[in-house]
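# Provided below for reference: sequence and predicted model.
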Amino acid sequence: MATTTKEAAAVAEVTHWIGGRPWDGPVERWGDVYDPATGARTTRVAFASPAVVDAAVGKASEAAVAWRTTSLAARSRVLFAFRELVAKNRERLAAAITREHGKVLSDALGEVTRGLEVVEFACGLPQLLKGEFSENVSTDVDSYSIRQPLGVVAGITPFNFPAMVPMWMYPLAIACGNAFILKPSEKDPSVTNLCAELLAEAGLPEGVFSIVHGDKVAVDAILQHPGIAAVSFVGSTPIARYIYENATRVGKRVQALAGAKNHMVVLPDADMDLAADAAVSAGYGSAGERCMAISVVVAVGASADGLLPKVRERIRRLKVAAGNEPGAEMGPLVTREHHARVVGYVEKGLGEGATLLEDGRALRVAGHEDGYFLGPCLFDRVTPEMTIYRDEIFGPVLSVVRATTYDEALALVNANPWANGVAIFTNDGGAARRFQNEVQVGMVGVNVPIPVPMAYYSFGGWKSSLFGDTHVHGREGVHFYTRGKVVTSRWPDPQHRGVNLGFPQMK
Ligand code: NAD
């Protein structure tokens with residue numbers, strides 16, 4: 001945790017949300033949250049013990065019994081009401097995100113909107129939960145499939161989208177008839193409590209949605225709790241692997257979305273203005289703290305000569321400022337420790353021989369001298385052996401790797417252990433089509449740098465960017481939060497057909 005003597009005028013207190021209200025039981029440990037733009041402590045957040053997690057599971061288990069038999073119409077009505085409330089409170093939610101995460105307000109508003117799209121998808125869930133029915137599979141026998149909720153499910157989420165990533169999970173889980181327990185990031189916890197209040201206002205019964213704040217202690221209690229049937233996780237690769245291994249070992253269903261190193265391949269025939277806009281937006285938006293951020297531009301053939309001057313020109317025009325300042329385009333990094341880590345990578349890049357074309361280390365934001373700001377950094381002539389290529393930096397540091405041919409660029413992308421998102425920029429439809437077929441990555445953009453699927457498709461990567469088989473939201477999300485069952489039923493005409501000890505045959 002960062003140490004600072006500065007405090008915001010009023011330090012807020014955020015505690016767990018259990019049984020439809022803030023937790024009023026004992027809190028043994030607290031964590032501190034800082035405003036990244038000023039370095040001042042703004043919030044203290046409760047850290048859950050295993051007893052708190054147990055209390056949340058107890059309430060959730062009770063609530064899940066009635067919720068799973070609540071009609072689909074009544075469930076979707078709650079989600080429709082929640083949708084309206086989130087839309088109405090967009091600014092308030094975005095301000096809470098900016099205060100603790102640091103991202104600029106326009107970006108925080110965008111995050112709420114993308115989360116809202118999943119809520120809207122969940123509103124239509126009765127359609128997605130429809131099963132199949134076959135009449136007369138045998139004489140007097142019908143067969144049909146149904147999908148049922150799992151019971152109590154949990155979500156563990158990262159700091160970088162404190163409203164949207166939880167919304168990838170709980171609207172669908174709840175719509176499917178489960179009770180949901182969220183363990184948000186301890187770095188920017190407040191917005192999730194605002195969402196919990198809105199869910200209660202929307203009419204969600206007590207206990208169907210709970211929040212346990214905290215760190216590894218809370219996470220381990222979730223992983224070990226026998227009352228939790230499934231865990232959705234989004235975060236870094238080492239923790240995703242830990243979650244997957246430990247939760248599946250005790251029989252839980254797990255989807256664990258992990259880290260990334262997203263490449264943007266630029267072919268020489270690309271529209272270089274479009275590509276430069278895309279590289280800067282996707283490389284430095286949200287200070288590079290996006291799992292779909294572009295961190296490597298692969299410049300094929302002569303494209304670097306056309307592209308790099310345009311990228312540099314755009315970088316120099318970026319307005320780095322506190323997230324709530326009008327016109328701010330890039331805010332600070334989330335914590336002092338993360339800032340130091342990212343600066344460390346810039347130094348490593350220099351030490352390993354990459355060319356630093358733009359150096360944001362000296363940037364100071366007037367009036368925010370204690371903020372965790374780092375200006376955009378651009379490295380050229382990065383090679384795959386370098387640490388800045390191999391590690392996920394998660395900051396405003398963009399690397400350019402030069403490739404001679406399309407095949408060399410494709411081989412580079414496919415050799416990378418991460419495979420979350422990728423983009424190709426070209427004016428050749430055939431090349432783009434070949435790329436989307438050959439590239440081994442979960443989400444692909446063609447002249448689109450951040451190809452985040454809409455809520456009705458599923459979001460997720462391949463290889464070390466995903467542990468488990470199921471992506472989030474869309475149809476795969478519905479499958480994750482439900483179990484399939486097939487019923488074969490006989491309602492014979494009223495006549496006895498006799499005993500048959502043979503293997504059932506369909507006639
Ligand atoms: P993180 O892995 O540090 O934390 C994620 C969650 O795990 C938090 O709730 C945290 O409290 C918990 N956690 C942290 N350390 C733990 C430990 N030792 N044991 C148990 N639980 C622990 O990730 P972060 O820094 O909050 O978020 C950034 C990371 O998330 C990046 O790697 C980014 O790529 C990834 N991410 C991936 C996606 C995706 O869809 N693939 C989306 C968003 C973020």
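Perfect, thanks for sending it. The model shown is predicted, which means the values in this text are computed figures rather than measured ones.
# neighbours of residue 226, how many?
9 (other CB atoms under 10 Å). Just so you know, the C-beta spots here come from the backbone N, C-alpha and C atoms, and that holds for glycine as well.
# you'd agree it is in a strand?
No: counting by DSSP: H, G, I helix; E, B strand; the rest coil, residue 226 is not found in a strand; it is coil.
# check what pLDDT it gets.
On pLDDT, residue 226 comes in at 98.
# please, where are all the helices along the stretch 251-400 of the chain?
272-284, 303-317, 336-351, 387-390 (DSSP state H, counting those that start in this stretch).
# what's the most buried one of the ones you listed?
helix 272-284 (a mean of 22; mean count of other CB atoms under 10 Å).
# do you know how far the nearest residue to residue 457 once chain neighbours are set aside is from residue 168?
Spatial nearest neighbour of residue 457, excluding adjacent residues (CB to CB, 6 or more residues apart in numbering): residue 474 at 4.7 Å. For residue 474, the distance to residue 168 equals 10 Å [CB to CB, to the nearest Å].
# buried residues, stretch 376-383. List them.
376-380, 382 (16 or more other CB atoms under 10 Å).
# quick one: contacts of it?
280, 283-284, 296, 304, 308, 311-312, 315, 318, 320, 330, 346, 349, 353-361, 388-389, 396-402 (CB atoms under 8 Å, 6 or more residues apart in numbering).
# for it, the averaged confidence score.
Mean predicted lDDT for stretch 376-383 stands at 98.
# now do stretch 473-481
Stretch 473-481 comes out at a mean pLDDT of 97.
# who are the packing partners of the helix or strand harbouring residue 78?
Per DSSP states H and E: residue 78 is located in helix 72-88. Helices and strands touching helix 72-88, by 3 or more CB pairs under 8 Å, 6 or more residues apart in numbering; DSSP states H and E, are helix 105-123, helix 125-128, helix 164-175, helix 190-201.
# related to what we said a few turns ago, so what sits against both of residue 474 and residue 168?
Contacts common to residue 474 and residue 168, judged by CB under 8 Å, 6+ apart, are residue 459.
# count the neighbours of the closest residue to residue 227 other than its chain neighbours for me.
Among residues not flanking residue 227 along the chain, residue 57 sits closest, at 4.2 Å (CB to CB, 6+ apart). Using other CB under 10 Å, residue 57 has 23 other residues around it.
# part of a helix, is residue 57?
Yes: according to three-state DSSP, the state of residue 57 is that of a helix.
# so who does it touch?
152, 181, 225, 227-228.
# now the residues you listed in JSON lines, with neighbour count?
Formatted as JSON lines, the contacts of residue 57 follow (neighbours: other CB atoms under 10 Å):
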{"residue": "152", "neighbour count": "27"}
{"residue": "181", "neighbour count": "31"}
{"residue": "225", "neighbour count": "20"}
{"residue": "227", "neighbour count": "17"}
{"residue": "228", "neighbour count": "25"}
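# hmm, back to that, look at residue 474 and residue 168 and report which has more neighbours.
Taking neighbours as other CB under 10 Å, residue 474 and residue 168 compare with residue 168 leading, 27 against 21.
# quick one: contacts for that one?
115, 118, 232, 234, 459, 472-473, 477.
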